[in-house]
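**Student:** here's my sequence, what's the structure:
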Amino acid sequence: MQYQLDARVRSFGETVSELSGEDIYSCYQCGKCTAGCPVAPEMSHTPNQIIRLIQLGLKEEVLASLTIWLCASCETCTTRCPKEVDIAKIMDTMRIMSVKEGYACKEPTVLKFNETFLNSIKNNGRLQETRLAIAYNLKTKQFFKDMGLGQKLFLKGKMSFLGNKIQGKEAIQAIFERSKVFLDKGER
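**Tutor:** Below is the predicted model of the structure:
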């Protein structure tokens, strides 16, 4: 007897597969992604649970989950997956879908950090830790939060105030512009 997934369940999973370019149905829940995830203990759902929720069509639970925002995109899960499912790419797709569909992140500082991090790369061509910390602390109104640590890092020469300049910053900005066009159209 062949089991049929109902249309609602299938359409969410197919949408995720199409947008991410990953076949979420090839995951057979071995748990290797979760075993290697450095952030899993902090997540409301583990990486393999997120994939299973997608497979089951539980869109609201996935898009409202703090897990998709805590994913560090370190790709440990991806390298451990025996089916070569790029879970980090799926998590990124879930964050995009969550924002586009108006789901509020349960932890607003996580969303603010995500936005600040991406803006830092877009504007500077690479991550500049000092500017990231300053911008994030201003956004979250924690003005002096990292002052002591920042002083220590500056004094030891581990962090510069201005950051390093890179060549080809325009190419990075062009990538962001192309991504914006796809995101506005709901494509990936």
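**Student:** please make it C-alpha for all contacts and neighbour counts, starting now.
**Tutor:** Will do.
**Student:** next up, the contacts around residue 166.
**Tutor:** 124-126 (Cα atoms under 8 Å, 6 or more residues apart in numbering).
**Student:** same question, residue 74
**Tutor:** Contacts of residue 74 (Cα under 8 Å, 6+ apart): residue 88.
**Student:** ditto for the one 4 residues further on
**Tutor:** Counting by Cα under 8 Å, 6+ apart, residue 78 makes contact with 33, 84-88.
**Student:** of the contacts of residue 166, closest to residue 68?
**Tutor:** residue 126 (22.9 Å; Cα to Cα).
**Student:** where does that closest one fall, phi/psi-wise?
**Tutor:** When quoted as degrees, to the nearest 10, the phi and psi of residue 126 stand at phi -160, psi 170.
**Student:** I'd say it and residue 118 touch.
**Tutor:** No. Counting by Cα atoms under 8 Å, residue 126 sits too far from residue 118 to count as a contact (9.3 Å).
**Student:** so which strand or helix has the residue nearest in space to the middle of the chain?
**Tutor:** By Cα atoms, centre = their mean, the chain has its centre lying nearest to residue 92, at 4.2 Å. Using DSSP states H and E, residue 92 sits within helix 87-100.
**Student:** pull out the buried positions in that helix.
**Tutor:** Judged by neighbour count (16 or more other Cα atoms under 10 Å), helix 87-100 contains these buried residues: 87-98.
**Student:** could those residues be laid out in JSON lines, adding pLDDT and distance to residue 77?
**Tutor:** JSON lines is the format used below for the buried residues of helix 87-100 (pLDDT from 0 to 100; distance: Cα to Cα, whole Å):
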{"residue": "87", "pLDDT": "95", "distance to residue 77": "6"}
{"residue": "88", "pLDDT": "93", "distance to residue 77": "7"}
{"residue": "89", "pLDDT": "94", "distance to residue 77": "10"}
{"residue": "90", "pLDDT": "96", "distance to residue 77": "11"}
{"residue": "91", "pLDDT": "94", "distance to residue 77": "11"}
{"residue": "92", "pLDDT": "90", "distance to residue 77": "13"}
{"residue": "93", "pLDDT": "93", "distance to residue 77": "15"}
{"residue": "94", "pLDDT": "94", "distance to residue 77": "16"}
{"residue": "95", "pLDDT": "90", "distance to residue 77": "17"}
{"residue": "96", "pLDDT": "88", "distance to residue 77": "19"}
{"residue": "97", "pLDDT": "92", "distance to residue 77": "21"}
{"residue": "98", "pLDDT": "90", "distance to residue 77": "21"}
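**Student:** how near is residue 37 to residue 77?
**Tutor:** Distance of residue 37 to residue 77, computed by Cα to Cα, to the nearest Å: 6 Å.
**Student:** these two: which is more packed in?
**Tutor:** For residue 37 versus residue 77, neighbours defined as other Cα atoms under 10 Å are more numerous around residue 77 (24 against 20).
**Student:** what sits against that one?
**Tutor:** So residue 77 contacts 32-34, 36-37, 47, 86-88 (Cα under 8 Å, 6+ apart).
**Student:** thanks again, I'm all set now.
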